[in-house]
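Asks: Predicted model and sequence below, questions to follow.
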Amino acid sequence: MKLIRQYFNIKDVLWGGRTSLSDGILTICKQDLKEQFRTLFKAVEDIDFEIVKPGENTRIIHLLDTLQPMYKVKGNGMQYSGFFGSPITVGEGVTNLLKGITVMESAALPWEESSASSGLLYPRDAIMDMAGPIADFTPFRDTLNLVILYKLAKNKSSIEYDKDIRLIAIKISTYLASLTKELVPDESICYTIDEINPELPNVVLVWQCQNQGPYANTFLYGQSIDNLVPTLLHPNEMLDGCVVSGNYVWPAFKVPTYLHANHPIVMELYNNHGKTLNFRGIIFCRSHNPSSWHKVRCANFNVKLAKYLNAKGLIMAWEGGGNAAVDGMLTIQCAEKNGIKASAITFEFGGIDGTEGILLVDDVPEADAIISGGSIEKHYKLPAVERVVGGEVLRLNKESGGYFPPSDKAIEFENTTHLYLAGNQTGHSRLFAEAY
Amino acid sequence: MAVLKAVHYINQFYAGLGGETMADVGLCILEEKKGPAIGLEKLWNGEMEVVKIIVCGDNFINNDDNFQGIIPDIKEIINQVKPDVFIAGPAFNAGRYGVACAKLCDYIRKELDIPSVTAMWHENPAVDMYVKDNYIVSTSETAVGMTKSLPSLAKLALKLAMKQPIGPSRFEGYLRTGHRYNEYHEKIGAERVVDLLLNKLNNKPYVTEIPLRGFEVVPPASKVTELKDAIIALVTTGGLVPMGNPDKIKQAFAVNYGKYDIEGVDSLNKGIYESIHGGYDTTFATNDPHRLIPLDEMRTLEKDGVIGGIYKYFFTTCGVGTNIESSKDMGRRIAVELKNAGVSAAILTST
């Protein structure tokens, strides 16, 4: 399987009377985008847009997902296959990508009565700053970000809001990327793992994603993965967007679609393929398996698939917190018992100075090679910012009746759970807990 | 610039007094350079010298009374010399020597406010006892590695004496103290997780960034022999609280628990209780709180005489992201109350 990714560098984004792309300058006509996708407005009443640029003293809040604009020009299926049209296997052919720009979703999803009783279905406010002490938590401080601001219709269900927000964002990012159709790319890279070097060890990535219900789901070819047993993905399928996020519950731990499609560990394994290892594929599974029985089966299936691929090494990575760590640890243990060496990456605990209690919610003696994604139990003071995109107030601490401080003022957090991508679960950031 | 001053501690063996037979020797002060001090001074290139060497036998100093007995002398020496740094060892894998080195460093740093450093093999029993608050430079297992071990000790000692900021363990060569702070690595996580696996696959040395701290094994309580006399308590980590969460128990990272009266109550009805847990879909638990606290079934057992009774309160917290220390504290407090109330068993439902 060969996938050519054609990258089109976006140098700037401007508002204009007509949406177009020329010489790396993307011009966006708000009205044009709205009108094109108005048929998708059911649980969404209206949308608006903001552009956020690197270096700005700007905060983005109520951040739901971030997408990679891409458009498939050749090969089976389409970008983000399964949402519009059939779930045709992707990963082959040619896909055009806008580089240096993302599409973001921002909406204050209602803390409605139907989910008010449930801790899980509560969308927690994700916050990112383009500058200042938490800017490096996300890769999006370095990208142009087109933020879609959703005005939600009243009295719709969580599932309806969730679906429409996602479909509109996929459509808009696709439309923007489709502007490259007749253009010459800045860079083309061919991704393939067809050739293997028998001298090098076979390595797989086990990518385990959260799925606990609406607002806490991951989609594979358009469907949530609640009943998924571990399956095998070609890395190119991920590059073409076969995995899409629908997870808004823990801002630090959720993985945006952008990072599924440009998964830093997948990219790193591609960099090493044929040089230090043979990248054999991605074993994709669900985390937060509901019972011990499900967890054990999942771990065993992961390792079974790795053995079929003659893997000598396995990288374990997961989305989510404690429950997911239990799943991940079981896979590490099962792999090592079957002679497959494993490494992993996760956020850690440890309190303010790292010495309080344990560092991980769960561990197994075999987990002797773990990379730190940083500790979530650290205090951060976010300074006041010049501009906020997404809303005038933050929405915090629903369980204690809610706390709604102004979004542009300085605010201190006891831990990083509200700070977008602070858990560093895909290894996208250099954040880690340094040992003294 | 004036030459910096170090005071060095060694045992009877490195002082040339003798081996095990001399392990009971008391405190002595050497004015001439002996043992590792000679090697250390060479590495300092004249920037620092060892002005005094303190010696004790390993058996002698490991006796608590003896240790307390020499403290006034140590204090006097330190106050008189006013060293820029106190150095002990290296003790390699010698247990008694290691403990003496670390204990002295700990005392002199804490009580006399002099920067201190020792050095030993990472499995020396003194490491677990003292590493959290003391710099212990990593050495080889035995003194065969003395020459290799001294440079990091010399370097860190000099840095401490100069009151320079001390960097992380991986750059300075001391054993991890357990203190961990968020910083930015040279490489992103994805690159490091692949590097780590490659080292493992290629049988090269590798170091985990997150050491496992293990879990305490809790022995199960003995079984209840006379169920019909037993008072049973109901406890949950599933976050069941009266509507509105009156005690403001945190949905995650909880630090307190709630205790709610169920005396004379036969069932926990929907609309009166709810689950506020932050880690699972609580719809089902809120619709039927008995999924967390099975009071209805327990009342039946009570009426049928199968159990002696149900404790008059149920206990609840949220077990999600909950710190182990907080969990232990809550568990202890709940257990004390149950014990005092004569409760013989508890059902703890976790979610």
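Replies: All right, it came through fine.
Asks: residues touching the nearest residue to B:Tyr130 once chain neighbours are set aside, list them.
Replies: Among residues not flanking B:Tyr130 along the chain, B:Ala102 sits closest, at 3.7 Å (CB to CB, 6 or more residues apart in numbering or on different chains). C-beta coordinates here come from the backbone N, C-alpha and C atoms, glycine included. Going by CB atoms under 8 Å, 6 or more residues apart in numbering or on different chains, B:Ala102 touches B:Ala88, B:Thr118, B:Met120, B:Ala126, B:Val127, B:Met129, B:Tyr130, B:Val131, B:Asn134, B:Ile136.
Asks: Would you list the buried entries among these?
Replies: B:Ala88, B:Thr118, B:Met120, B:Ala126, B:Val127, B:Tyr130, B:Val131, B:Asn134, B:Ile136 (16 or more other CB atoms under 10 Å in any protein chain shown).
Asks: My read is that the third one contacts B:Cys105, right?
Replies: No: with contact defined as CB atoms under 8 Å, B:Met120 does not reach B:Cys105; the gap is 10.8 Å.
Asks: So A:Cys269, which state does it fall into?
Replies: Wrong residue type there; residue A:269 is Leu, not Cys. helix (DSSP: H, G, I helix; E, B strand; the rest coil).
Asks: With respect to chain A, which of the buried ones among the contacts of B:Ala102 is nearest?
Replies: B:Val131 (10.5 Å; CB to the nearest CB).
Asks: Any chance of JSON lines for the buried ones among the contacts of B:Ala102, columns pLDDT and secondary structure?
Replies: Putting the buried ones among the contacts of B:Ala102 into JSON lines (pLDDT from 0 to 100; DSSP: H, G, I helix; E, B strand; the rest coil) gives the following:
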{"residue": "B:Ala88", "pLDDT": "98", "secondary structure": "strand"}
{"residue": "B:Thr118", "pLDDT": "98", "secondary structure": "strand"}
{"residue": "B:Met120", "pLDDT": "97", "secondary structure": "strand"}
{"residue": "B:Ala126", "pLDDT": "96", "secondary structure": "helix"}
{"residue": "B:Val127", "pLDDT": "96", "secondary structure": "helix"}
{"residue": "B:Tyr130", "pLDDT": "97", "secondary structure": "helix"}
{"residue": "B:Val131", "pLDDT": "97", "secondary structure": "coil"}
{"residue": "B:Asn134", "pLDDT": "98", "secondary structure": "coil"}
{"residue": "B:Ile136", "pLDDT": "98", "secondary structure": "strand"}
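Asks: from those residues, which is closest to B:Asn269?
Replies: Distance ranking of the buried ones among the contacts of B:Ala102 against B:Asn269, using CB to CB, places B:Val131 first at 53.6 Å.
Asks: Quick one: residues contacting the closest one.
Replies: Neighbours of B:Val131 in contact, by CB under 8 Å, 6+ apart: B:Ala102, B:Leu175, B:Arg176, B:Thr177, B:Gly178.
Asks: How many neighbouring residues does B:Val207 have?
Replies: B:Val207 has 13 neighbours, counted by other CB atoms under 10 Å in any protein chain shown.
Asks: Same question for A:Gly402.
Replies: 10.
Asks: Can you tell me the closest non-neighbouring residue to it?
Replies: Nearest to A:Gly402 is A:Arg395, by CB to CB, 6+ apart, at 6.7 Å.
Asks: Which residue of chain A lies farthest from its centroid?
Replies: The outermost residue of chain A, judged against the average C-alpha position, is A:Glu199 (33.9 Å), by CA atoms, centre = their mean.
Asks: any idea how far that residue lies from A:Gly274?
Replies: A:Glu199 is 10 Å from A:Gly274, where distance means CB to CB, to the nearest Å.
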